[in-house]
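Visitor: Just need the structure, nothing else, for what follows:
(4 chains)
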Protein chains: 2
Amino acid sequence: MSEDLMTIREMCDAYDVTPRTLRFYEAKELLFPIREGQKRLFTKRDRARLKLILRGKRFGFSLEEIRQLLDLYHIGDQQHTQLTRTYEIAKDRLADMERRREELDEAISDLKEQLKWGEKMITSSSADLEAAE
Amino acid sequence: MSEDLMTIREMCDAYDVTPRTLRFYEAKELLFPIREGQKRLFTKRDRARLKLILRGKRFGFSLEEIRQLLDLYHIGDQQHTQLTRTYEIAKDRLADMERRREELDEAISDLKEQLKWGEKMITSSSADLEAAE
DNA sequence: CGTCCGTATTACGTAAACGTCAAGCACTTG
DNA sequence: CAAGTGCTTGACGTTTACGTAATACGGACG
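Guide: Here you go, the predicted model:
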């Protein structure tokens, strides 16, 4: 348990991002590193959030969308009404993701189909692929 | 079979994009509408490509990445060596997508877990969620 | 024939997500 | 203590993916 806190450089090495990116995310209120004097120290919570940020980006979410998603994970001691609302948003998000999953499955099988053809074309000769819908 | 060709406006209505977007994609060599005089006419092939473009975007691919992916679907009558190379790229892409699917599954189950907590919190009262890894 | 309407081209504008200096503070290291 | 190393805060630059006029062209219509 080396310290639970990481410097900006350790973060960059660990997650393959630049210092600029981490400061940018802090400015956008996606991360909240603590300050020791001048320097930033990133907590376990920051690391968890960063993972989610990078994951979100890989799925085409904007940083603003990601920020809202992150807030879902911060369901702290809020008011009941606000909480219910948050819950609804989260359910919508989940539905989003499951739609994306279906789409991704489709994309994968499309590409697989394409690869089967590619295989045939490599082992045999060329053909006319324009017939495909 | 109304004509198999669509005007820019018909395309916009059908796929919910702007004319600017379609012209932009053409400029970036993602689409290749034919020209009747001045006007563009989009073929079935353009529509298939546009669908893939929009799908790619939903998964966070840049237009440049999408253009390369689209080329995989255009495995026409190329040279054998080039074809083999293309095939390798396609397989890498497929592996990419399957990794993404795993990640998406993880993201979904994470969010579902979060929702279970949210449920408890709504039906009961507030609690401390900071203990979560 | 004048005037819309839809499309075209050209060009400048913009939001998001950083990159890239410039200049300064805090160690520590020789 | 001078020099380097690492971090800091601005501030301006850049790329991507379009938006938004301004201007012009070609057919349809009253």
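Visitor: if I pick residue A:108, what's in contact with it?
Guide: Residues in contact with residue A:108 (Cβ atoms under 8 Å, 6 or more residues apart in numbering or on different chains) are B:94, B:97, B:98, B:101. Glycine gets a C-beta too; all of them are placed from N, C-alpha and C.
Visitor: Then residue A:17?
Guide: With Cβ under 8 Å, 6+ apart, residue A:17 has these contacts: A:11, A:50, A:54.
Visitor: hmm, which of these are the buried ones?
Guide: A:11, A:50 (16 or more other Cβ atoms under 10 Å in any protein chain shown).
Visitor: Report pLDDT for residue A:74.
Guide: Residue A:74 carries a pLDDT score of 65 in this model.
Visitor: again with residue A:55
Guide: Confidence score, pLDDT, at residue A:55: 87.
Visitor: got it, and the one 10 residues further on?
Guide: Among the per-residue scores, residue A:65 shows a pLDDT of 89.
Visitor: Check residue A:17 too.
Guide: At residue A:17, pLDDT is 97.
Visitor: Let's have the contacts of residue A:108 in TSV, adding neighbour count.
Guide: Shown next, in TSV, are those (neighbours: other Cβ atoms under 10 Å in any protein chain shown):
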residue	neighbour count
B:94	18
B:97	19
B:98	14
B:101	16
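Visitor: Return the closest of the residues you listed with respect to residue B:7.
Guide: Set against residue B:7, the nearest of the contacts of residue A:108 by Cβ to Cβ is residue B:97 (33.4 Å).
Visitor: Quick check: the gap between residue A:58 and residue B:97.
Guide: 11 Å (Cβ to Cβ, to the nearest Å).
Visitor: Can you pull the residues that touch both of those two?
Guide: Residues touching both residue A:58 and residue B:97 (Cβ under 8 Å, 6+ apart): none.
Visitor: Please parse chain A into its domains.
Guide: Domain ranges of chain A: A:1-62, A:75-123, per automatic domain parsing.
Visitor: near DNA strand C, which residues of chain A show up?
Guide: A:18, A:20, A:21, A:24, A:28, A:37, A:38, A:57, A:62, A:63, A:64 (Cβ under 7 Å from any atom of the strand).
Visitor: Spit out the contact partners of the fifth one.
Guide: Residues counted as contacts of residue A:28 (Cβ under 8 Å, 6+ apart) are A:63, A:67.
Visitor: Backbone torsions only: list them for it.
Guide: Main-chain torsions, residue A:28, degrees, to the nearest 10: phi -90, psi 10.
Visitor: Excluding chain neighbours, what is closest to the residue in chain A that chain B sits nearest to?
Guide: Ranked by Cβ to the nearest Cβ, the top residue of chain A for proximity to chain B is residue A:60, at 3.2 Å. Of all residues not flanking residue A:60 in the chain, residue B:60 sits nearest, at 3.2 Å (Cβ to Cβ, 6 or more residues apart in numbering or on different chains).
Visitor: Quick one: the contacts of residue A:108 as JSON lines, columns for pLDDT, distance to residue A:111 and secondary structure too.
Guide: JSON lines is the format used below for the contacts of residue A:108 (pLDDT from 0 to 100; distance: Cβ to Cβ, whole Å; DSSP: H, G, I helix; E, B strand; the rest coil):
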{"residue": "B:94", "pLDDT": "76", "distance to residue A:111": "5", "secondary structure": "helix"}
{"residue": "B:97", "pLDDT": "77", "distance to residue A:111": "7", "secondary structure": "helix"}
{"residue": "B:98", "pLDDT": "82", "distance to residue A:111": "10", "secondary structure": "helix"}
{"residue": "B:101", "pLDDT": "83", "distance to residue A:111": "12", "secondary structure": "helix"}
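Visitor: can you tell me which of these lies nearest to residue A:33?
Guide: Among these, and counting by Cβ to Cβ, the member closest to residue A:33 is residue B:101, at 32.1 Å.
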